[in-house]
Every structure is written in structure tokens, then in C-alpha cells.
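> Build me a structure from this.
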Amino acid sequence: MLMATCVSRIPFLLAWLPAAVGILYLKFVSLQFNKFFDFRLRTLPLLEQLSIFRADITLCLLLVPLLLFLLMLILPRQLCGPFVVILSIVWLFISYANIRSIFQVGRLCSINLLWDSLCWAWNDPRAIREYIRLRGVIGLVFLMAVTATIAWWAYKQSAAMSEASTRRRWVTAMLVGAFAVTALVIPPWLSGLPSSPTTQSVLISSIQAFWGTEEGEQKIPHLSSAELIAKYRELAHTEVSTKDPRYWSRAEDSDVIVFVLETSPAEILPIDGNLDDLPNLRMLRERAFIAPKHYTTYPFTSRALFSCFSSWYPSAFRKDFDLAFPNLEIPGIARKLSSRGYKTAFYSPSPWRNNYDVSMPRALGFARLYFPHPSSGNNSQPWITKRSDDLDSLHVLESDIEVWLTENQRYLVVFAPQLSHSPWFDVTPDGRLKNVMERGRPLMALQDAYLGDILRLLTTHHRLDKTLIVVVGDHGLRTRDEDPTLPMGMLDDISFHVPMLVYAPQVLKASVTIPWLSSHIDISPTLLDLLGIDRQRDQEQGSPIWDADLQARTTFLFARHLFDADGYHANGRFVMRNTFFDMVYVNSQLHFGAANAVPSTSPVYRQATDSIQRMVNLQQRWVEEFGRSDRPVRVTAER
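Numbers count the residues shown, from 1 in each chain. Next up, the predicted model:
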């Protein structure tokens, strides 16, 4: 009886094979597209190739089938098929998601990344075809169908196990299969190839990446406020900023507008370049601080804007700070100006996730949040719908500004249109732009027209010269569909380097170019100094952009849960660490390849690893100390 039960479970193991093939293909893809190591898989001898796959061959073809077999012994025969099919289909889907994630951003898919993608797809389903390839979907569905077919066939075979001849055939087949698997598994382990990131199991790595353990997360010992500030100053090599009499309070009692250009890399829009096609931005530049070396802190909009209005670095871990601390109150520019009687409002169409997109500006202190469209419309051209949504937000913003100007009411407003959110659509009349990179500039020109509407309103009310206007990109391009040359799993200039200027007509008669690297954390201190707002400067991690001490600062760049990489700029060099492969790279530009890797025994490697992880852990404690609050926050979110 026991023998018959054991033999009857053998056919069901074949339903695991499509998932095993998918996992091994995922391993191949992760090696094929990686730029971290200077080797080509196909140039290696066959045994070394198998050795690189040895962990996954062992797991997929030996250990997982053995575990499945043991589990099926305690299940009724009728449930064995559904059990293996569900497990196999789940892994096929995970493998597919990981393959797309590796191709797009160079890392295995996390549950946060998957959830963000699903929310984005729900919000803008017509853009899915820009990222999902039909061939891949067909392949996934085909393997799922094969899995179900094998399970159905296995159920039929298991029903015939009462016949001794059938049992003998399956026992023979099992022995032959076991011998073949053993012959495939053992030699790679005896090849002498040392363990390395290339030999680790992609199956185990997928589980770790998906459910996620925060690499290196540590609770730092309790430190006083002064000790935390001192630790940050030590890590960033920067002193507390001081008031510069050239600019301090020179724009007192001004209104403030922050115009956020969604997905706008400096390569597409160099702020010190030719702006003939962007006449309104060109006009602002004539009396503005221009930051041609400006970088985002994180290539996620919510985290980038967190830095803009808090002067703090965002979370490098899975949860944003506004989600980790539900009653978080940031003592940034919005809260400071609200306490001085300013109206503060945030305008943008279509929040992807209501709680998520509302919680960040709420934590930053914005009193009014306006999101007019819960989802996109049904226009046949998605960019027209996006522009329509943007214009609805813009009209509400203009209406509010007009009321406030009539009442002589000061305000801080943020306008974050979504027209240039990836994927970039061709907005030219004849649809001639097939190259994705060429589509960016026309999108910026359309948003320049939004800016022109705001400037005309201010001019009508004679307030243009009493308004500080920031134009800044939240982040750059982030996937290979957006930029086919994007190096996967690495920080890159196209993702972090963004345009930024601060129009300050009360202060400047001509433009002032900032020659050193600046960051989103410097925007809030810049505006507060121009407005003459006193505050606890030592709790700001940024400085006004004209502060020459920025030349010596270590400026951090985070993207752990997008590219599996973090880094910083210091002493004229960019340093990056990929957490998955535990590799460190150094270059004079924010662009890396295998040739820029440093040995794990070098002082640069140790310094980079230590500095990044210390900053990541310190930031958690920093926000908990200076931003957490148990007081309820009142905010109005409208649609």
C-alpha cells in the first residue's frame, strides 16, 4: 500500500518542471544582462557554466522535487495535482516578474516594486504595453498551460498505479531520472569554482528580494539630538549653514511656487543649455540661481519631494518614512510657512494610492492636497488625457492663487503635473518620434506652456517680482524601456541628474550659476533663507545652494529598492555600492561599468560600505528623533 502511494505521487513531480525551467532561465537572464563582472558566460568551459548554475540546479531538480514528494505523501491524491500546479504557477509568475524587473532596472523584484507596478498599471492601463512584451506574456501563459496539462495527465497516470506493471515502469523511470539528476548535480560542485555572487541561487535570492530583509539594517544606539547632528555632520563632512548677508531675507514676504517636472533628466533638459523652445523657463533663468549639477536624492517621486521640502534624505529602506511613522510631522518649509500665515497646497492629478500619495505631503505639512482625477480617462491618445488632467489641476491652482492674491494672502504651492511621467508618448502632430529619448523635449515644452499660464496670472496681479519660483525635476529615467542604454542595477546620471533653478527677482538682476553639486535637500534651506525664516538650521541636512561649503560635502544618492544600489558624491568622485552583488564602483561621473569596480580588500570598498550603511541607519533614527509626533494632523485632501 505504501509503495503504491509513493509511486502514485511520482508523475505529479513532472508538473514542477516548467517552473524549474523558468527559474533556471531567470538565472541565465540575470547573468546575461549583468554588467557587474567582466566575463561572458558562453566563453566559459561547460563544467564552469554548470558550476555557476549549481545551486539552482540542485534546488530546482533535486531538493524542491524531494520536498514536494514528501509533502504529497500526506496529501490525498486528488489534491496533489492542484498543489503542484499552484506552486509551479506562482513560481512561473515570480520568475517572469523577476525577468522583467532585471531587464528594466537590473534587480530582482520586491513585493513593494511589484505593488507599485500593479498600482501604476491600474491607474494607467494603456501604458502597460510600453513595458510588457506580448511575446513574454504568451510564453508565461504557455508554460502555465503546460503545467496544468502535465498535472492532469499525472492524475490519470496515478489512477493506474494499482497495476504492478505500471508501478514498475514508473519506478524505473524514477531511478533513471534520479541517476540523471545526480550526474548533473554532483560534478559542478566538484569543479573547484569558488563561491561568489555569480554562483549564488537565484531562487533563494528571489525569495529574499521579494519578502525582503533590509540589508544591513541596524538600530543605532540611543543618541541625544546633539549627538545625532554631530554624527551626520561627521558622515557628510559639512558644517551647519550660516546666514549669507547677500541673500538672507532679501525675498521676505514673497509667495513661493514649486513647479515639479516629472521624470525630467538633465540630459533632456540641461538648465544651463539652449531654452529657445522653452520661452517661459528661459525668461525665469535670466534672474535665477541656476544649478546645472543638481541631483535628486532618490529616483522615486514621493521620496524625492520628501527631500525637497524637508531638507532631509529619504528612507533607503522599503517603507517611506511617512508610512513607517503614521503621525510623522516634518519641520520643513511647508510647516514653517504655515505657522507664519501662509496658505500651503499641493496640486497633482491622479494619486496612484490614496493613502500613500496623501501621507507624504501631509507629513510635510501641506494643509491642502488637490488630486482631481482618481484615474485616467478613455481618450485614445493617453498623453491627451494626461494633459487634460494636468490642466484641471492647473486651473484649480490658478483659481486658488487668484483668490489669495486678491486677499493679499501669502502662499506656498506645489504643482506636479504628470504629462511627462513615463512612458514618454510622442506628442508631435505627425507622430514622427520613434526614439523614446527624443520624445522628452516636446513633453517639457508642453509643460513650459503650463508655466506660462502661471506667469501671466502673476503678471496680471503685479506679483511676478514678489514670487520665488522653483523649477525642478523630481528624478530622471529609470528603466531600459525609457532609456535602452541605462546600465541595470547601477546608479546613473540619467536617473539622478535633474534640472533646477530658483527664480528670485527680488535678489538677482542677472542669473547666478552654482558651480558645485547640489541636491534636493538644499532646496528648502535656500527658500527659507531668501524668505528670512529663522529655524533650527542644525536639523537641516542641506544648505542654501550658494553655500561654498557644499564643494566639500559628501552628498548621498539612494536607490536601494529600485536599482539595488546606493552611493554618494565626495571629493569630485561618485561612489556606488550594489547591495545584491556587494560590489563597489568609483568614477568621476555618475556612470559605472565593470572597469570601475574596486577590490573588496581596498580601503575605498570598506569606506563606501561603511559610510552608506551608517547614513542609512542614522537616517532612520534622525527622522524618529526630529520628525515623529503623536499629535493628530489635520489636512484637507480634495478631488
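> Measure how far the longest helix seen in the chain is from the centre of its chain, please.
When the chain is parsed with DSSP state H, its longest helix is helix 77-105. In terms of CA atoms, centre = their mean, to the nearest Å, the centre of helix 77-105 is found 24 Å from the chain centre.
> Poorly predicted segments of the stretch 151-300 of the chain, please.
Along the stretch 151-300 of the chain, segments meeting pLDDT under 70 span 162, 212-221.
> and the longest helix of the chain, which residues are buried?
Residues of helix 77-105 classed as buried by neighbour count (16 or more other CB atoms under 10 Å): 77, 80-81, 83-85, 87-89, 91-105. C-beta: built from backbone N, CA, C; applies to glycine.
> next one: stretch 615-626
615-623, 625-626.
> likewise stretch 338-345?
Buried, per 16+ other CB under 10 Å, within stretch 338-345: 342-345.
> And stretch 64-76, by the same measure?
64-65, 68-69, 72.
> For my notes, please list the buried residues of stretch 615-626 in a markdown table and give secondary structure for each entry.
Converted to a markdown table, the buried residues of stretch 615-626 look like this (DSSP: H, G, I helix; E, B strand; the rest coil):
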| residue | secondary structure |
| --- | --- |
| Met615 | helix |
| Val616 | helix |
| Asn617 | helix |
| Leu618 | helix |
| Gln619 | helix |
| Gln620 | helix |
| Arg621 | helix |
| Trp622 | helix |
| Val623 | helix |
| Glu625 | helix |
| Phe626 | helix |
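> can you put those in TSV and add distance to Thr467?
Shown next, in TSV, are the buried residues of stretch 615-626 (distance: CB to CB, whole Å):
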residue	distance to Thr467
Met615	35
Val616	37
Asn617	40
Leu618	36
Gln619	33
Gln620	37
Arg621	37
Trp622	32
Val623	31
Glu625	35
Phe626	30
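> per-domain residue ranges of the protein.
Following automatic domain parsing, one gets these domains for the chain: 2-211, 225-481+500-638.
> For the protein, give me the ranges with low pLDDT.
Under the criterion pLDDT under 70, the flagged ranges of the chain are 1-2, 33-42, 119-131, 162, 212-221, 350-357, 373-380, 628-639.
> From the centroid of it, which residue is nearest?
Nearest to the geometric centre of the chain sits Leu562, at 3.9 Å (CA atoms, centre = their mean).
> Quick check: that residue touching Ser110?
No. If you go by CB atoms under 8 Å, Leu562 and Ser110 don't touch, sitting 9.3 Å apart.
> residue contacts, Met576?
Applying CB atoms under 8 Å, 6 or more residues apart in numbering, we find Met576 in contact with 490-491, 557, 565-567, 584-586, 592, 608.
> mind running it again at 7 Å?
490-491, 565, 567, 585, 592 (CB atoms under 7 Å, 6 or more residues apart in numbering).
> Let me have those in JSON lines, extended by neighbour count.
Formatted as JSON lines, the contacts of Met576 follow (neighbours: other CB atoms under 10 Å):
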{"residue": "Met490", "neighbour count": "25"}
{"residue": "Leu491", "neighbour count": "27"}
{"residue": "Ala565", "neighbour count": "26"}
{"residue": "Gly567", "neighbour count": "27"}
{"residue": "Tyr585", "neighbour count": "25"}
{"residue": "Phe592", "neighbour count": "26"}
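> Of those, just say which sits nearest to Ile229.
Gly567 (23.3 Å; CB to CB).
> Name the residues that touch the strand or helix carrying that closest one?
Assigned by DSSP states H and E, Gly567 belongs to strand 565-570. Residues from elsewhere that reach strand 565-570 (CB under 7 Å, 6+ apart): 316, 489-491, 517, 554-560, 574-579, 611-612.
> Filter those residues down to just the ones in helices.
560, 611-612.
> For those, which single residue is the most surrounded?
Greatest neighbour count in the ones in helices among the contacts of strand 565-570, by other CB atoms under 10 Å, goes to Ile612: 26 neighbours.
> Can you list which of the buried residues of stretch 338-345 are found in strands?
343-345 (DSSP state E).
> and these as a markdown table, adding distance to Pro331?
Listed next are those as a markdown table, based on distance: CB to CB, whole Å:
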| residue | distance to Pro331 |
| --- | --- |
| Lys343 | 19 |
| Thr344 | 14 |
| Ala345 | 19 |
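> picking up where we left off before, which one of the domains of the chain is the most hemmed in?
domain 225-481+500-638 (a mean of 19; mean count of other CB atoms under 10 Å).
> how far away is Leu464 from Glu262?
24 Å (CB to CB, to the nearest Å).
> For Leu175, pull up the helix or strand it's in.
Using DSSP H and E, Leu175 sits within helix 164-189.
> Which secondary structure element comes immediately after that helix toward the C-terminus?
helix 202-211.
> Now tell me what touches that following helix from outside.
By CB under 7 Å, 6+ apart, helix 202-211 touches 23, 26-27, 30, 56, 59-60, 94, 98, 108-111.
> Kindly report the same for stretch 446-465.
Taking CB under 7 Å, 6+ apart as the rule, stretch 446-465 contacts 255, 257, 259, 261, 278-281, 387, 390, 394, 398, 401-402, 405, 417, 419-420, 427, 467, 505-506.
> how far away is Met3 from Thr182?
22 Å.
> give me phi/psi at Leu369?
Leu369 adopts backbone torsions of phi -120, psi 130, taken as degrees, to the nearest 10.
> if I look at it, how far off is Val258?
Leu369 is 14 Å from Val258, by CB to CB.
> after the helix or strand containing Ala449, next one along is what?
Element membership of Ala449, judged by DSSP H and E, is helix 440-460. Next helix or strand after helix 440-460 toward the C-terminus (DSSP H and E): strand 467-473.
> name the helices or strands packed onto that following strand?
strand 255-261, helix 279-285, strand 500-503, helix 523-531 (3 or more CB pairs under 7 Å, 6 or more residues apart in numbering; DSSP states H and E).
> mind running it again at 6 Å?
Applying 3 or more CB pairs under 6 Å, 6 or more residues apart in numbering; DSSP states H and E, we find strand 467-473 packed against strand 255-261, strand 500-503.
> okay if I get those strands as a markdown table plus distance to Ala173?
Converted to a markdown table, those look like this (distance: least, CB to CB, whole Å):
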| stretch | distance to Ala173 |
| --- | --- |
| strand 255-261 | 62 |
| strand 500-503 | 66 |
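> So for Leu364, which of those strands sits nearest?
That would be strand 255-261 among the helices and strands packed on strand 467-473, by CB to CB, at 11.4 Å.
> Got phi/psi on Ser110?
phi -100, psi 170.
> how close does it sit to Tyr298?
Ser110 is 15 Å from Tyr298, by CB to CB.
> and if you look at Pro245?
Counting by CB to CB, the gap from Pro245 to Tyr298 is 34 Å.
> so what's Asp564 closest to, chain neighbours aside?
Take Asp564 and drop its neighbours on the chain: the residue closest to it by CB to CB, 6 or more residues apart in numbering is Arg107, 3.9 Å away.
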